[in-house]
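Peer 1: Sequence first, then the predicted structure, then my questions.
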Amino acid sequence: MTEASPDHLPPVLAGPVLRRVQARRIAWWLACSHTPTQLRVTLLPDGGEPTTHTPTVHTLRAGDHLAILLVELELDRDLNPGHWIGYRFDLAQADGTWTPLDDPALCYPGRDTPGLRFAPTVRALLHGSCRKPHHADGGDGLARADAHIEQLLGDATSHDLPWPSALVLSGDQVYCDDVAGPMLRAIHGLMQRLGLREEVIAGADGSEVRCTSDLLAHPDTYYRREQLLPRTPKSERLIDLVFEGVKKPIFTTDNAHNHLITLGEVLAMYLLVWSPLPWQGLDLSPPPGLSEENARRYAREARAIDNFRQGLGAVRRVLAHLPAAMVFDDHDVTDDWNLSREWEDVAYGHPFSRRVIGNALVAYLLNQGWGNRPEAFGGGALLDAVQAALDEPGGEAHDALIERLLHWRDWHYVWPTTPPLMVLDSRTHRWRSDRSPRRPSGLMDWEALTDLQQALRGHPAVLLVASAPIFGVKLIETVQRVFSFFGHPLLVDAENWMSHPGAASAMLNIFRHPKTPQTFVVLSGDVHYSFVYDVELRPRGRRQSPLADPAPSPHIWQICSSGLRNSFPDGLLDKLDHLNRWLFSPRSPLNRFTRRRHMKVTPRKPEGTPHGRRLLNGAGIGLVHFDERGAPVRIRQLLCDGRDVDFVPRESEARED
């Protein structure tokens, strides 16, 4: 395979991606083709004097032509809220010269540089999840977000609209477990072009795969990666659960045949989903040896990937302008990640799958996790361990780092906005079932939920980011409960908050606690459709004395935006939507017999959808406007087909649950 020469690589491969922004601190992520000796940042505020700063830069060298720069700028005075602040990077080269990173493609019309607006009081935010590059229908929600920002900056009628305080990406920013053939081909070409280091691979006994080169040359590396594990009694469940994929006839299908394996593959994937620059000059012709069926599949996926690439310029631009708050869900690592105690025992008990999961976590740390909460990673100590692993992939330092990250407890974080943005880790703090290893684990354990309750105390309102909806579609949760009861939770992705009695009860008690906020806005994704519920919890237990003050009842908005580039099978969703509305209507006997949460649930109808629909299907991104108390005043989905769909309350359909 002939690739473009590394000598012709652009200095910046991806980014800058704007991450956490505080009054006196700004964080960026940047991927470069050469390691700069120094970096400086110039801030260019409208109406003010430019100031040049030397930030703290953690440089992680992953290959001959890949350096990941984690940039944190500390300021001696507060940023001016609401005002435009342009910024420019300059890179110092080995010969002492400075190269300005002036890229017109990053700038909106009328602007000479990318920039930001510090918005600590949240009056608007964008949010979404589930961005699968080879999804065949619709566009890219991040490109739709870019169009919204361009409108805010350029349309005189939009000047009074609030600037989004954050771009909240609530999971599945990458799909490590569901990779199209052309994307895998691009990943391998980019790895070669960037000179990513060879990784020693353990655990693939019998397949003759010992390192990255063996993997790339193996006849099963495209569409047959599950065959790289031997079929032995110990690995049968591993192949079924992780690398072959459980058949899921109801909600998802098995697509793990191109599962990413090496650290280099995952690092290259991130570059290719965030920037158009790494795609330049890559050979995307089909690899030799594909079966006739896989050749047809490759051609279909190539058309979807070509469509995906066309929006990457817009994606790169919007990521340079809005603070991006990110958190993993399962596909950022692997499907059904930590779904049950059985899954964990099988997946972590084999060196091959343990390495696969660990590599995804290392890449998550570098590309997503650090920018959420830089101070959580111990200054440079953990990043030094990352560099040691990058220097010798597959060596002792690599395995030690994976062991450390598998026990890491600080992936969650809080941004000190008003209201605060609290992002939950509902993947690694699981509450494992005591009844059966196959039953779904609770999405957060008792200790994590207790810590959450303490963090919530004293806030009148909060923005809570939970990858999976806390309050979901009742029919779908019922189907998941039935399958879980018979020991098959993997068949229906049975990961909802109410699937584990202990976790469900603890979370609802947090909402009801008198010292936690009275206004909760829950931002979620995961499910590949969008919906909004207004939820009012009812007091439970003994009736209060007539003389006692009534216990306050929190108001909760469950807002789900999914997917950025993914959707649910439309015919199936239509049937589930109508059936859910019929079976669990306010007057339905079934709804009366299945009440379990002591709450009033009011669904919102997506405007312009057919009669009876409460679930919105289609790629796009959510936009929420807030009042001064932190309560939503307008909830919309900006769809990639150009429509703006408002969610309108349907009081007549409110039900007691």
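Peer 2: Thanks, I have the structure now.

Peer 1: residues touching Pro287, list them.
Peer 2: Pro287 is in contact with Gly181, Arg185, Thr221, Tyr222, counting by C-beta atoms under 8 Å, 6 or more residues apart in numbering. No exception for glycine: its C-beta is placed from N, CA and C like everyone else's.

Peer 1: from those residues, which ones fall inside helices?
Peer 2: Within the contacts of Pro287, residues falling in helices by DSSP state H are Gly181, Arg185.

Peer 1: next SSE after the helix or strand bottoming out on mean pLDDT in the chain?
Peer 2: Every helix and strand of the chain was ranked by mean pLDDT, DSSP states H and E. The lowest is helix 474-485, at a mean of 52. Note on helix 474-485: by DSSP states H and E, the next helix or strand toward the C-terminus is helix 501-512.

Peer 1: Low-confidence stretches in the stretch 1-150 of the chain?
Peer 2: Across the stretch 1-150 of the chain, the ranges flagged by pLDDT under 70 are 1-7.

Peer 1: Quick one: the helices in it, in order.
Peer 2: Taking DSSP state H, counting those that start in this stretch, the helices of the stretch 1-150 of the chain run over residues 141-154.

Peer 1: One more: the stretch 301-450 of the chain?
Peer 2: Counting by DSSP H, counting those that start in this stretch, the helices of the stretch 301-450 of the chain are 312-319, 341-348, 351-364, 370-372, 381-391, 396-406, 446-456.

Peer 1: Any chance of a markdown table for those, columns mean pLDDT and distance to Val266?
Peer 2: Shown next, in a markdown table, are those (pLDDT from 0 to 100; distance: least, C-beta to C-beta, whole Å):
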| stretch | mean pLDDT | distance to Val266 |
| --- | --- | --- |
| helix 312-319 | 98 | 18 |
| helix 341-348 | 89 | 16 |
| helix 351-364 | 95 | 4 |
| helix 370-372 | 97 | 15 |
| helix 381-391 | 95 | 12 |
| helix 396-406 | 97 | 13 |
| helix 446-456 | 95 | 26 |
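
Peer 1: Just put those in TSV and tack on distance to Met326 and mean neighbour count.
Peer 2: As requested, these are exported to TSV (distance: least, C-beta to C-beta, whole Å; neighbours: other C-beta atoms under 10 Å):
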stretch	distance to Met326	mean neighbour count
helix 312-319	10	22
helix 341-348	23	18
helix 351-364	9	23
helix 370-372	6	23
helix 381-391	18	18
helix 396-406	16	17
helix 446-456	19	16
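
Peer 1: show me the contacts for the nearest residue to Asn566 once chain neighbours are set aside.
Peer 2: Take Asn566 and drop its neighbours on the chain: the residue closest to it by C-beta to C-beta, 6 or more residues apart in numbering is Cys130, 4.3 Å away. By C-beta under 8 Å, 6+ apart, the contact list for Cys130 reads Gly171, Asp172, Asp329, His331, Gly525, Asp526, His528, Ser562, Gly563, Leu564, Arg565, Asn566.

Peer 1: again with His578
Peer 2: Residues in contact with His578 (C-beta under 8 Å, 6+ apart) are Gly612, Arg613.

Peer 1: low pLDDT regions in the stretch 201-350 of the chain?
Peer 2: Ranges of the stretch 201-350 of the chain meeting pLDDT under 70: 206, 230-255.

Peer 1: where along it do the strands fall?
Peer 2: Using DSSP state E, counting those that start in this stretch, the strands of the stretch 201-350 of the chain run over 324-326.

Peer 1: quick revisit: so which of the contacts of Cys130 is the most crowded?
Peer 2: Counting neighbours by other C-beta atoms under 10 Å, Ser562 leads the contacts of Cys130 with 34 neighbours.

Peer 1: That residue contacts Gly525, correct?
Peer 2: Yes: using C-beta atoms under 8 Å, Ser562 is in contact with Gly525, at 4.1 Å.

Peer 1: joint contacts of those two?
Peer 2: Joint contacts of Ser562 and Gly525 (C-beta under 8 Å, 6+ apart) are Gly128, Ser129, Cys130.

Peer 1: Of those, which belong to strands?
Peer 2: Those of those mapping onto strands are Gly128, per DSSP state E.

Peer 1: between the shared contacts of Ser562 and Gly525, which is closest to Arg144?
Peer 2: Nearest to Arg144 out of these is Gly128 (C-beta to C-beta; 9.0 Å).

Peer 1: what's near enough to touch the closest one?
Peer 2: Counted by C-beta under 8 Å, 6+ apart, Gly128 has contacts 141-142, 145, 168-170, 525, 561-564, 620-622.

Peer 1: give me that answer again for 10 Å
Peer 2: 141-142, 144-145, 167-173, 523, 525, 530, 560-566, 619-623, 637-638 (C-beta atoms under 10 Å, 6 or more residues apart in numbering).

Peer 1: do the same with Thr428
Peer 2: So Thr428 contacts 328, 333, 337-338, 361, 405-412, 444-445, 448 (C-beta under 10 Å, 6+ apart).

Peer 1: Please list only the buried members of the residues you listed.
Peer 2: Phe328, Val333, Trp337, Asn338, Leu361, Leu405, Trp411, His412, Met444, Asp445, Ala448 (16 or more other C-beta atoms under 10 Å).

Peer 1: In contact with the second one, which residues?
Peer 2: With contacts defined as C-beta under 10 Å, 6+ apart, Val333 is in contact with 172, 174, 176-177, 260, 266, 356-361, 363-364, 427-428.

Peer 1: Find the nearest non-adjacent residue to the residue positioned nearest the centre of the chain, please.
Peer 2: Compute the mean C-alpha point of the chain, and by C-alpha atoms, centre = their mean the closest residue is Gly171, 2.3 Å away. With sequence-adjacent residues excluded and distances taken as C-beta to C-beta, 6+ apart, Gly171 is closest to Asp329, at 2.7 Å.

Peer 1: And the lengthiest strand in the chain, how far out from the chain middle?
Peer 2: With residue count as the measure and DSSP E as the assignment, the chain has strand 12-22 as its longest strand. Chain-centre distance of strand 12-22: 16 Å, with C-alpha atoms, centre = their mean, to the nearest Å.

Peer 1: Could you find the closest non-adjacent residue to Arg225?
Peer 2: With C-beta to C-beta, 6+ apart as the criterion, Arg225 has its nearest non-adjacent residue at 5.4 Å, and that residue is His259.

Peer 1: Touching, Gly189 and Leu271? I think so.
Peer 2: No: taking contacts as C-beta atoms under 10 Å, Gly189 lies outside contact range of Leu271: 11.7 Å.

Peer 1: hey, what's in contact with both of the two?
Peer 2: Pro278, Trp279.

Peer 1: pLDDT below threshold where in the stretch 401-550 of the chain?
Peer 2: Using pLDDT under 70, the stretch 401-550 of the chain drops low at 473-495, 499, 539-550.

Peer 1: what do you get if the cut-off is 80, keeping everything else the same?
Peer 2: Applying pLDDT under 80 to the stretch 401-550 of the chain flags residues 472-501, 538-550.

Peer 1: residue ranges for the helices of the stretch 501-650 of the chain, please.
Peer 2: 501-512, 570-583, 589-593.

Peer 1: No further questions, thank you.
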